[in-house]
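**Student:** any chance you could fold what I've pasted below:
(one chain, ligands or ions: 2)
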Amino acid sequence: MKTSIATVCLSGTLEEKLKASAAAGFDGVEIFEPDFVASSLSPELVASTARDLGLTLDLYQPFRDFEGVGQEKLRQNLRRAAAKFDLMNRLGISTILLCSNVGTAVSADDALAVDQLGRLGDLAESYGVRVAYEALAWGRYVNDYEHAAAIVRAVDHPAIGHCLDSFHILSRGWDPAAIETIPADKIFFVQMADAPGLTMDLLSWSRHHRVFPGEGGFDLADFMGHLLRAGYDGPMSLEIFNDTFRRTDPFRTAVDAMRSLEWLQELACQALERDGREGSRMELSPLPTMVAPVGFNFVEIRADDHRLDQVRTTLHQLGFTDAGNHHSKPVELWSQGGARVIINRGDSTAGSPAVAALGFDVLDPELAAERAGRLLAPPVPRDRGAGDEQLLGVRAPDSSEIFFGRVGRGGVPAWVSEFGGSTEVTTDPLVTRVDHVNLAQSWEYFDAAVLFCTSVLALDPQPSLDVAAPTGLVRSQVMSTADGIVRLVLNLSPTGSADTAQHVAFASTDAIGAARRARERGLAFLPIGENYYEDLDSRFDLKPEFLEEIRELQLMYDRDERGEFLHFYTESLGSVFFEIVERRGGYRGYGATNAPVRLAAQHSRRPIVAAP
Ligand SMILES: O=C(O)c1ccc(O)c(O)c1
Ligand SMILES: [Mg+2]
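**Tutor:** Ligands and ions are numbered 1, 2, ... in the order given. Prediction:
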C-alpha cells in the first residue's frame with residue numbers, strides 16, 4: 001500500500017512537515033497550498049527536499065471554486081489554473097485536487113459544469129497534469145460523490161478524474177458501495193479520514209474534528225473494501241484537519257498517522273479475506289496477527305523512595321502481601337490472588353507515586369511485541385539479570401510502558417520467582433485481580449492513545465462520556481477486550497491536574513467484607529457525603545439495612561439492567577489511588593454516575609497550597 005499524508009495534518013513549517021512525514025515512513029505527501037504559499041522555500045527546493053527525504057509529492061491541493069460559473073469568472077479561473085499547473089510542473093507534482101464549487105457557482109445545470117471541466121482538462125493536459133475532482137460535503141451544487149461521478153463520466157476527459165475523500169462521503173451518510181462503479185483509472189486519488197459521530201454543521205465537523213483512521217466512528221473497513229473492489233491501487237492518503245494535530249509535535253503526530261494507515265491496511269486485508277480478492281490490485285502487507293490480552297500481568301507504580309511507604313501501607317491494608325524484593329533490581333512485588341503490584345523505587349526523580357507500567361498476559365509475547373513494532377511503538381529497554389524472564393515492552397503514546405507477559409502456570413507469571421518473598425496463595429483474599437486501570441491522558445495524545453489501544457492492545461473503544469469534575473469536564477474513554485477481562489479507561493482532564501490521577505481498580509467478590517477488613521487495618525477511605533446516599537435511595541429504593549451499611553462503609557453503588565456494582569476508593573497517594581469494585585450479575589459499567597461525586601470528594605481533599 002502506498003502511503004501518503006497531507007501537510008495540513010501536521011504542525012510546523014513545510015520543511016518540518018516533510019521531515020516528520022519521512023521520519024514516520026510515509027512514501028509521499030500532499031502539499032496543502034497554504035503551507036506552500038507561506039513557506040520561503042522555492043518550488044524547486046521543496047521538490048529536492050522531498051526527493052532527498054525519499055518522499056514523492058503526490059498531490060497539490062486544493063484548487064477551489066472552478067466549475068458552474070459565469071463566462072468572466074471562467075476566464076479568471078482558467079488563468080488561475082494555468083498558474084497552478086505551471087507551479088506543479090516546477091514542484092514535479094502531476095495531480096491537483098479540485099474541490100466542488102462552494103462559493104461562485106451560479107448554475108445547478110450539470111451541462112455547464114461538464115463543459116467547463118472539459119476546458120480545464122484540456123488546459124491540464126497541455127501542462128501534463130491531471131485534476132482530481134472532489135465533491136465537498138458542503139459543495140453548493142455538487143456535494144455527493146455519485147453526482148460528481150456522473151459529471152466526470154460526462155466530461156470524459158483523460159485529465160479529469162476523482163478524489164474520493166471518506167469524510168465527504170461518510171459524513172453525509174452516502175452509501176460508499178457505488179465507488180465500485182467508478183472505473184479504477186478514474187480514481188486519481190483517495191483521502192482517508194475518520195471522525196467522531198457528532199451532530200453539527202459539516203464544514204465545522206470537517207475542519208476541526210477529523211481524526212486518523214481508527215480514532216473516530218466511521219466504518220473505514222467497509223469503505224476500504226469498496227475501494228479495493230473498484231481496483232484502486234494509488235496512494236492511501238491522510239487528510240486530517242484537526243485542531244490538536246495542528247499544535248502538537250509533528251514527529252509524534254506523523255507516527256500516529258502512520259500507525260493508522262498500518263491499521264487500515266490490516267482492515268483491508270481482513271476485508272479481502274472475507275470477501276475474496278476479486279478486482280483488488282493493491283499490494284498489501286498484513287501485520288503480524290493481533291494478540292489480545294487475556295489478563296493483567298502486573299501494574300507497576302514508581303515513586304520517590306520517601307513516598308513509597310504510604311503505597312506499601314495502603315496495599316497492606318487492602319490485603320496485599322509483600323512478596324519480596326527482586327534479586328537484582330530495586331523493585332518489590334506485592335501480590336494477592338491474581339493481582340500483582342510492582343513498586344519501583346529505582347528512580348529518585350520519579351516524584352509522587354504514579355502508574356508507570358502495565359503488564360498484560362498474552363499467549364505469545366514475541367508476536368505481540370513484533371506487531372507493536374510494526375505499529376511504530378518504540379521498544380522499552382529492560383535490564384535483565386542472568387536467568388531472569390525476558391519481558392518485552394513498548395512505549396505507549398502517553399509514555400507509559402506496556403509489557404507483554406507470558407501467561408504463567410496456574411496463572412502465576414514465571415518472573416514472580418525472581419522475587420524472594422512468599423508465593424503462597426492468600427486464603428480468603430480481599431481482592432482477586434485487577435479489574436481495570438484508569439490512565440490520565442494529556443490532550444496532545446488522547447486520540448493517539450485510543451488508536452494505540454485498538455491496534456496494539458486489541459482493546460475496543462466503548463461509547464465515551466464526559467464526567468463533570470469541579471474543575472471542568474473529564475472525557476472518559478473505556479477501552480476493553482470483548483470479554484471485558486482487560487479494561488483501560490483513558491481519562492482526559494481539562495486541567496491535567498489531580499482530578500485525573502491514575503487509579504488501579506481491583507476486583508473483589510465481596511466489597512462490603514473487603515471494606516470492613518480494610519477499615520480494621522486502618523485504611524483511609526475517600527469520604528463520601530451524605531447527599532450522595534440520599535440521592536441513591538431516591539433512585540434505587542434500596543433496603544434500609546443495605547443503604548445504612550454502604551453509607552457507614554463509604555461505599556458507592558450503581559445498578560443497570562444486568563446487575564449491580566459496589567465500589568470504594570482509597571485516599572489519593574500522590575498521582576495514584578486505588579479502587580475496590582464488586583460486580584454482581586452481568587454489570588459491565590464503572591459507576592459512571594458516581595464519578596462526579598468521587599471527583600468532587602477528591603477535589604475537596606486536595607492539599608491546599610498557600611498563596612505566596
Ligand atoms: O475544507 C476544505 O476546504 C477542504 C479542502 C480540501 C479537501 O480535500 C477537503 O477534503 C476539504
Ligand atoms: Mg479532501
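
**Student:** right, and Arg521 touches Phe320 too?
**Tutor:** No: using CB atoms under 8 Å, Arg521 is not in contact with Phe320, being 10.8 Å away. C-beta coordinates here come from the backbone N, C-alpha and C atoms, glycine included.

**Student:** who's more crowded, the two?
**Tutor:** Shown here are Arg521 and Phe320; by other CB atoms under 10 Å, Phe320 has more neighbours (24 against 14).

**Student:** now Asp58. Nearest residue, chain neighbours left out?
**Tutor:** Closest residue to Asp58 apart from its sequence neighbours, by CB to CB, 6 or more residues apart in numbering: Gly28 at 4.2 Å.

**Student:** need the pLDDT of that neighbour.
**Tutor:** If you check Gly28, the pLDDT there is 98.

**Student:** that one: what's it in contact with?
**Tutor:** Residues counted as contacts of Gly28 (CB atoms under 8 Å, 6 or more residues apart in numbering) are 2-5, 55-58, 235, 237.

**Student:** host element of Thr454?
**Tutor:** Taking DSSP states H and E as the criterion, Thr454 maps to helix 446-457.

**Student:** any residues touching that helix, and which ones?
**Tutor:** Here helix 446-457 makes contact (CB under 8 Å, 6+ apart) with 211-212, 214-215, 242, 244, 252-253, 256, 259-260, 262-263, 266, 292-293, 360, 371-372, 375, 377, 394, 396-398, 402, 439, 441, 459-461, 475, 477, 479, 486, 488, 490, 492.

**Student:** check stretch 505-523 too.
**Tutor:** Stretch 505-523 is contacted by residues 314, 316-319, 336, 339, 430-438, 525, 549-550, 553-555, 566-568, 570, 578-583 when judged by CB under 8 Å, 6+ apart.

**Student:** from those residues, which land in strands?
**Tutor:** Among these, DSSP state E puts 336, 339, 433-438, 566-568, 578-583 in strands.

**Student:** list buried residues within the residues you listed.
**Tutor:** Buried subset of those (neighbour count, 16 or more other CB atoms under 10 Å): 336, 339, 433-438, 566-568, 578-583.

**Student:** which one of the residues in the stretch 251-400 of the chain is closest to ligand 2?
**Tutor:** Here the residue of the stretch 251-400 of the chain nearest ligand 2 is Ala257; by CB to the ion that distance is 15.0 Å.

**Student:** all the strands of the stretch 51-200 of the chain, residue numbers only.
**Tutor:** Taking DSSP state E, counting those that start in this stretch, the strands of the stretch 51-200 of the chain run over residues 56-63, 95-99, 130-134, 160-165, 187-192.

**Student:** and those as CSV, adding mean pLDDT?
**Tutor:** Shown next, in CSV, are those (pLDDT from 0 to 100):
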stretch, mean pLDDT
strand 56-63, 98
strand 95-99, 98
strand 130-134, 99
strand 160-165, 98
strand 187-192, 98
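
**Student:** quick one, which of these is nearest to ligand 2?
**Tutor:** Shortest distance between ligand 2 and those, using CB to the ion, is found for strand 160-165: 3.5 Å.

**Student:** who touches the residue of the stretch 501-612 of the chain found nearest ligand 1 in this structure?
**Tutor:** Nearest to ligand 1, among the residues of the stretch 501-612 of the chain, is Ala592, at 35.1 Å (CB to the nearest ligand atom). By CB under 8 Å, 6+ apart, the contact list for Ala592 reads 465, 467, 476, 558.

**Student:** can you list the residues of the stretch 51-200 of the chain near ligand 2?
**Tutor:** 165, 191 (CB under 5 Å from the ion).

**Student:** which residue does the stretch 51-200 of the chain have closest to ligand 1?
**Tutor:** Pro62 (3.8 Å).

**Student:** ok, now which ones touch that residue?
**Tutor:** With contact set as CB under 8 Å, 6+ apart, Pro62 has these partners: 32-33, 97-99, 134.

**Student:** now swap in Asp460 and tell me
**Tutor:** Contact analysis of Asp460 by CB under 8 Å, 6+ apart lists 454, 479-482.

**Student:** pick the one among those closest to ligand 1.
**Tutor:** In terms of CB to the nearest ligand atom, no member of the contacts of Asp460 lies closer to ligand 1 than Thr454, at 24.1 Å.

**Student:** what about that closest one, neighbour count?
**Tutor:** By the criterion of other CB under 10 Å, Thr454 has 19 neighbours.

**Student:** and the gap between it and Gly216?
**Tutor:** Counting by CB to CB, to the nearest Å, the separation of Thr454 from Gly216 is 11 Å.

**Student:** overlap in contacts of those two?
**Tutor:** Residues touching both Thr454 and Gly216 (CB under 8 Å, 6+ apart): there are none.

**Student:** can you pull the contacts of Ala47?
**Tutor:** Neighbour list for Ala47: 57, 90-92 [criterion: CB under 8 Å, 6+ apart].

**Student:** helices - which of those residues land there?
**Tutor:** Of the positions in the contacts of Ala47, 90-91 sit in helices, assigned by DSSP state H.

**Student:** picking that back up, now, of the contacts of Asp460, which are buried?
**Tutor:** Among the contacts of Asp460, those buried by neighbour count (16+ other CB under 10 Å) are 454, 479-481.

**Student:** hang on, the earlier thing: who does the residue nearest to Asp58 bridge with?
**Tutor:** Gly28 forms beta bridges with Ser4, Thr56, as assigned by DSSP bridges.

**Student:** and for Leu488?
**Tutor:** Counting by DSSP bridges, Leu488 is bridged to Val437, Met479.

**Student:** Leu439 is in contact with that one, correct?
**Tutor:** Yes: Leu488 is within contact range of Leu439, at 6.1 Å (criterion: CB under 8 Å).

**Student:** show me the shaky parts of the stretch 301-450 of the chain.
**Tutor:** For the stretch 301-450 of the chain, residues meeting the criterion pLDDT under 70 lie at 422-425.
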